[in-house]
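K.L.:
give me coordinates for this.
(one chain, ligands or ions: 2)
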Amino acid sequence: MPFCEIRNVAKSYFLEGKRIDVLRGVSLTIESGQMLSLTGASGSGKSTFLQVLGALDAPTSGSILFDGRDVTHLGEAELSRFRNETIGFVFQFHHLLPELTALENVMMPALIRRMARSEAEQKACALLDAVGLTERAGHKPGELSGGEQQRVALARALVLSPRLLLADEPTGNLDPKTGEGIHEVIQRLNAQLGIAALIVTHNTALARACPRRLRLQDGVIVEESIESVSVC
Ligand SMILES: Nc1ncnc2c1ncn2[C@@H]1O[C@H](COP(=O)(O)OP(=O)(O)OP(=O)(O)O)[C@@H](O)[C@H]1O
Ligand SMILES: [Mg+2]
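P.N.:
Ligands and ions are numbered 1, 2, ... in the order given. Now for the predicted structure:
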């Protein structure tokens, strides 16, 4: 049984009487521990797809199965449990809490889940170390560079040990070298912890570095070979 199976997922938005068909039948299988990149033009539906896959938004039709269980019809409590246990999300705009330090930001999802404070702190410290930010643990987001903030967001997404990391342009607005560093961290965590990762990126080189490359085009996902990965 595959870790994750996306079957014919469609997503339409309805706005002011107009219907926008963003996803038009996406089908995809993701195996445990797999690392994938997702490219596609601006507005092609990458963030929409991630939100639907991470159960932050419901598809208009189709089903999404994790370990054979369809999560598209779960009630609110079960849904939030599923998200907590399975998905780590790095948002396109990272939404760190400005009043909290880097360490507290990373600990927050664990504290919300009532993990003991000492354990949450231990996990958060280990993750900040993994993303190279031990020295910045006491800094607030406003006292961190953009790349450092992204790395904090990445550590926060991993604090509950998800099985699937969904990262929406984690290297957007960063210089290529910093962006590369973030990808390297994700790759290392993927290899060390066996976390599957789906990374949205506009950076062709980074997309190519992923073993499996997807492209969202005309509302569907196509698999790309290394040769055909193109800039968008
Ligand atoms: N809540 C919403 N209501 C109506 N339309 C929406 C909504 N969210 C997104 N859209 C539309 O859906 C399309 C896909 O948006 P989405 O954010 O998924 O694109 P994207 O591929 O992530 O783009 P980018 O690369 O710019 O981040 C866009 O045309 C957008 O205007
Ligand atoms: Mg987007």
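K.L.:
contacts and neighbour counts: CA atoms only from here.
P.N.:
OK.
K.L.:
which residues does stretch 106-120 contact?
P.N.:
The contact list for stretch 106-120 (C-alpha atoms under 8 Å, 6 or more residues apart in numbering) reads Glu121, Lys123, Ala124, Val152, Ala153, Ala155, Arg156, Ala157, Val159, Leu160.
K.L.:
got a list of what the fifth one touches?
P.N.:
Going back to what we said before, that points to Ala153. Val90, His94, His95, Leu96, Val106.
K.L.:
still on that earlier bit, give me the subset of the contacts of stretch 106-120 lying in helices.
P.N.:
Glu121, Lys123, Ala124, Val152, Ala153, Ala155, Arg156, Ala157 (DSSP state H).
K.L.:
chain neighbours aside, what residue packs nearest to the first one?
P.N.:
The shortest distance from Glu121 to any residue that is not its chain neighbour, by C-alpha to C-alpha, 6 or more residues apart in numbering, is 6.2 Å, and that residue is Met107.
K.L.:
what kind of secondary structure is that neighbour in?
P.N.:
Here Met107 is helix, with the state taken from DSSP: H, G, I helix; E, B strand; the rest coil.
K.L.:
and this protein, which of its residues are near ligand 1?
P.N.:
Tyr13, Leu15, Val22, Ala41, Ser42, Gly43, Ser44, Gly45, Lys46, Ser47, Thr48 (C-alpha under 6 Å from any ligand atom).
K.L.:
one step back: and the ones in helices among the contacts of stretch 106-120, which is closest to Asp67?
P.N.:
Ala157 (20.9 Å; C-alpha to C-alpha).
K.L.:
with adjacent residues omitted, what lies nearest to that closest one?
P.N.:
Gly88 (4.5 Å).
K.L.:
show the contacting residues for that neighbour.
P.N.:
By C-alpha under 8 Å, 6+ apart, the neighbours of Gly88 are Ala157, Leu158, Leu160, Ser161, Pro162, Arg163, Leu164, Leu165, Leu166.
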